[in-house]
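A.B. asks: got a sequence here, can you build the structure:
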Amino acid sequence: VMYLQGHEPIDSVNIAKERATEMAPEQVGDVEAWYYKAKYFVLGGGDTIAIASRFIGMTEDADKAELSAYITTGGLSVHPANTAWCAAFVGAVLAEAGMKGTGQLNAKSYLQWGVKTETPKIGDVVVLWRGSREDWRGHVGFFNGFDPDGNILILGGNHADTGTVESFHPSRILAYRTAR
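C.D. replies: You can find the predicted model right below:
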């Protein structure tokens, strides 16, 4: 179940399963993919969620060749096991979605990307601080809603060395950014 602040819960998994049962098996394919399609269809957002979700579960060690090759599509060349790659991953996803990222490895470079918004949509960029608000380090990923406790769900790369959806306390947010 996923929540958007101020809205009723949306059970996108069951929406996807219900829709999938109405279709022939060859039309359904991967149920996990239906989950993200349902979330995108129901909540709006950009292709960023659908694109980034393909990398859920990939780790920087076991899948380093595939992740490294994908990251180059965003204009950067990194070895994910040796370099913080959240910003490079966001750039590659944005490039595949037809947008330009910052071209930098620094997560906080996304504070200058797009337009600041106070009301994020599914797929918008979220920039977090790491260490402290003033620290040059940060973390970046894609807004994926809120959990039942009001924490921000972020889909991205390099959450615990993997592609995943992680929950972050709202106090960690520096900015939500949306495409121009």
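A.B. asks: and Asn106, what does it touch?
C.D. replies: Neighbour list for Asn106: 87, 136, 138 [criterion: CB atoms under 8 Å, 6 or more residues apart in numbering]. No exception for glycine: its C-beta is placed from N, CA and C like everyone else's.
A.B. asks: so Thr178 sits against Val125, correct?
C.D. replies: Yes. Using CB atoms under 8 Å, Thr178 makes contact with Val125 at a distance of 7.4 Å.
A.B. asks: okay, now Leu67: neighbour count?
C.D. replies: 26 (other CB atoms under 10 Å).
A.B. asks: show me where this protein has strands.
C.D. replies: For the chain, the strands identified by DSSP state E occupy 115-117, 125-129, 138-146, 152-159, 162-168, 173-178, in order along the chain.
A.B. asks: which parts of stretch 58-68 are buried?
C.D. replies: Along stretch 58-68, the positions that meet the burial threshold by neighbour count (16 or more other CB atoms under 10 Å) are 58, 60, 63-64, 67-68.
A.B. asks: likewise stretch 151-170?
C.D. replies: Along stretch 151-170, the positions that meet the burial threshold by neighbour count (16+ other CB under 10 Å) are 151-159, 162-166, 168.
A.B. asks: so among those residues, where is pLDDT lowest?
C.D. replies: Comparing pLDDT over the buried residues of stretch 151-170, the lowest score belongs to His159 (88).
A.B. asks: got CSV for the strands of the chain, with distance to Ala97 too?
C.D. replies: Compiled in CSV, the strands of the chain are given as follows (distance: least, CB to CB, whole Å):
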stretch, distance to Ala97
strand 115-117, 16
strand 125-129, 11
strand 138-146, 10
strand 152-159, 13
strand 162-168, 16
strand 173-178, 13
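A.B. asks: list just the one of the ones you listed that sits closest to Asp47.
C.D. replies: For the strands of the chain, proximity to Asp47 was assessed by CB to CB; strand 138-146 is nearest, at 10.5 Å.
A.B. asks: now that closest one: mean pLDDT?
C.D. replies: Predicted confidence along strand 138-146 averages 96 (mean pLDDT).
A.B. asks: before we move on, back to that, which of the contacts of Asn106 has the most neighbours?
C.D. replies: Counting by other CB under 10 Å, top hit in these: Ala87 with 32 neighbours.
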